[in-house]
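Undergrad: fold the following and give me the result.
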Amino acid sequence: MKYFCSAMLLILLVPATLNAQFAATYDPGISRKAVESIEYVAASIISDSFSPMTSYTSGDTLYSVVPAGFKADRLCDDPDIKSDNLYGTSLGAGCGYALTDELMIYGIIAGMGISGKMKMETYGDTTLSNDTEYMLFNVSGGAGYKIFRNDFVSIPVYLGLNLQYFSTEFICDPVTNGIYTINNTTSGSGLLAGMSGGIAASFRIFSSFIITPYYLYLQNFNSGSMKAEFKLSSAGFPVTESARFDLDPVSAGMFGLNIGYKNDSGFSFSVALGSLISSLTGYGSKASDNGLEIKTIVLVFSYNSAAQ
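TA: Next up, the predicted model:
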């Protein structure tokens, strides 16, 4: 009976001890920062893919396809979150129609996928590595209005609404800390609504070359919720703990730059360089301010049916 009571006491005390150590060790801010870093990568690519009409006259209709590929080397510098083969691709399609010489409307749909590994220091000096999967589907629409134009430059402003669905999962490699081992999976999904606004200046050079610097601001009205599930074990006693945390709504202003070529048949091609320049200089977006280092290739293929 004495040994039975001792065994039962051990069974009861070990999970309680693990729970107490879990509560003292787990910092949701680390998981939140990792997820939000991925969100700002996505926001940067959305900004690069933003390609509504800039130079137009009444009746013009513009169709665009925007493929993109990117590789993140570092997501954040506080805490230091590095990438280990974190790649992503996206594909967007848009249409714009000029109601008048000044006013146009647009609609854009886009999908994005990111996968790979992230590494960060947590649980003391332990380097935590996790497999990352992130998926985003975005639908946006709005209007643009030209506030200035001449033969050399066209300056429109834009205002629109966004609807996004995201799904993400982070599966951490097992971590040993003290007397116990932790397996952690953080996941979440949700529907986000927001708005965007911006201004562009499209310069025509030698009639065929177009240089368009622009500024785009994204603001979500709501935020996603994540669930972190932990499986702790010590001396063969498993304990499962979970914690929920809310993300901050995405609020990001980003500078962009498109350089392209347009011919008389209505076809045009451009390269979006905003995220790449921001990453190289460390300026131009909230993501770059946070230490994002990313290599991107974003192409814009467009056709203006009114040119025929």
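Undergrad: surely residue 199 and residue 148 touch.
TA: No: distance between residue 199 and residue 148: 10.5 Å, which falls outside the contact criterion (Cβ atoms under 8 Å). Using the backbone N, CA and C atoms, a C-beta is placed for each residue, glycine as well.
Undergrad: compare those two and say which one has the larger neighbour count.
TA: In this view residue 199 and residue 148 are compared by other Cβ atoms under 10 Å, and residue 199 has more residues nearby, 15 against 10.
Undergrad: just the helices in the protein please.
TA: With DSSP state H as the criterion, the chain has helices at 2-25, 28-49, 274-281, 286-289.
Undergrad: worst mean pLDDT among the ones you listed?
TA: Lowest mean pLDDT within the helices of the chain: helix 2-25, a mean of 40.
Undergrad: residue 159: neighbour count?
TA: Per other Cβ under 10 Å, the neighbour tally for residue 159 reads 12.
Undergrad: make sure it is actually in contact with residue 216.
TA: No: Residue 159 is beyond contact range of residue 216, at 11.1 Å (criterion: Cβ under 8 Å).
Undergrad: pull up the overlap in contacts between these two.
TA: For the pair residue 159 and residue 216, residues contacting each of them under the criterion Cβ atoms under 8 Å, 6 or more residues apart in numbering are 196-197.
Undergrad: can you dump the C-alpha coordinates of the longest strand seen in the chain into PDB?
TA: For the chain, the strand reaching the highest residue count under DSSP state E is reported as strand 126-149. Output in PDB follows, covering the C-alpha atoms of strand 126-149 (Å, rounded to 0.1, in the frame of the first residue of the first chain):
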ATOM      1  CA  THR A 126      18.000  27.000 -27.200                       C
ATOM      2  CA  THR A 127      17.700  27.400 -30.900                       C
ATOM      3  CA  LEU A 128      14.200  26.500 -31.900                       C
ATOM      4  CA  SER A 129      13.500  25.300 -35.500                       C
ATOM      5  CA  ASN A 130      10.100  24.700 -37.000                       C
ATOM      6  CA  ASP A 131       8.400  23.700 -40.200                       C
ATOM      7  CA  THR A 132       6.300  26.500 -41.500                       C
ATOM      8  CA  GLU A 133       3.300  26.500 -43.800                       C
ATOM      9  CA  TYR A 134       1.300  29.600 -44.600                       C
ATOM     10  CA  MET A 135      -1.500  30.100 -47.200                       C
ATOM     11  CA  LEU A 136      -3.300  33.300 -48.000                       C
ATOM     12  CA  PHE A 137      -6.100  34.100 -50.400                       C
ATOM     13  CA  ASN A 138      -6.900  37.700 -51.100                       C
ATOM     14  CA  VAL A 139      -9.800  39.500 -52.800                       C
ATOM     15  CA  SER A 140      -9.700  43.300 -53.100                       C
ATOM     16  CA  GLY A 141     -11.500  46.000 -55.100                       C
ATOM     17  CA  GLY A 142     -11.700  49.700 -55.100                       C
ATOM     18  CA  ALA A 143     -11.400  52.900 -57.200                       C
ATOM     19  CA  GLY A 144      -8.700  55.200 -58.400                       C
ATOM     20  CA  TYR A 145      -8.800  58.900 -59.300                       C
ATOM     21  CA  LYS A 146      -6.300  60.900 -61.300                       C
ATOM     22  CA  ILE A 147      -5.400  64.100 -59.500                       C
ATOM     23  CA  PHE A 148      -2.800  65.200 -62.100                       C
ATOM     24  CA  ARG A 149      -1.800  64.300 -65.600                       C
END
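Undergrad: cheers, nothing more for now.
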